[in-house]
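Undergrad: next one to model:
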Amino acid sequence: MALVVICGVSIVRSSKTELKKAPLTPQLLSKGETLYNQNCASCHGAGGDGQGKAAYLLYPKPRNFKEGLFRLVSTTDQQPTNVDFFNSITRG
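TA: The predicted structure follows:
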């Protein structure tokens, strides 16, 4: 099972094809924060600004989540869907 928390909405993948919204609880937010700190913060930074400790080693540079710009989207208006967020985060 994978978990993504975006803008106050939690999305859980319960199978390879099923995405569903899950109730947003303090425990779920804490789990998401722990996962981000373990797997993402070293590159994207603790605040999501793309300035993590390992960022200088990477090309291309890590995405600055605070800018709200998205590159990998499935829509023509460049607005990401929940599935786009989920796929970007789970695939890296």
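Undergrad: quick one, strands of the protein?
TA: Taking DSSP state E as the criterion, the chain contains strands spanning 2-6, 9-13, 19-22.
Undergrad: mean pLDDT lowest where, among the ones you listed?
TA: Looking at the strands of the chain, the lowest mean pLDDT belongs to strand 2-6 (a mean of 50).
Undergrad: any weak-confidence spans in the chain?
TA: 1-20, 92 (pLDDT under 70).
Undergrad: which residues of it fall in helices?
TA: Along the chain, counting by DSSP state H, helices occupy 26-39, 41-44, 82-91.
Undergrad: got those helices as CSV, with mean neighbour count columns?
TA: C-betas here are computed from N, CA, C, even on glycine. Formatted as CSV, those follow (neighbours: other Cβ atoms under 10 Å):
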stretch, mean neighbour count
helix 26-39, 12
helix 41-44, 18
helix 82-91, 15
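Undergrad: center of the chain - which residue?
TA: Central residue of the chain (Cα atoms, centre = their mean): I89, 4.3 Å from the mean position.
Undergrad: so how far is N39 from K31?
TA: According to Cβ to Cβ, to the nearest Å, K31 and N39 sit 12 Å apart.
Undergrad: so R63 makes contact with H44?
TA: Yes - counting by Cβ atoms under 8 Å, R63 touches H44, with 6.7 Å between them.
Undergrad: give me the common contacts of those two.
TA: Common neighbours of R63 and H44, counting by Cβ atoms under 8 Å, 6 or more residues apart in numbering, are G50.
Undergrad: grab the nearest non-local neighbour of G47.
TA: Closest residue in space to G47, ignoring its immediate chain neighbours: K66 at 7.3 Å, by Cβ to Cβ, 6 or more residues apart in numbering.
Undergrad: brilliant, that's me finished.
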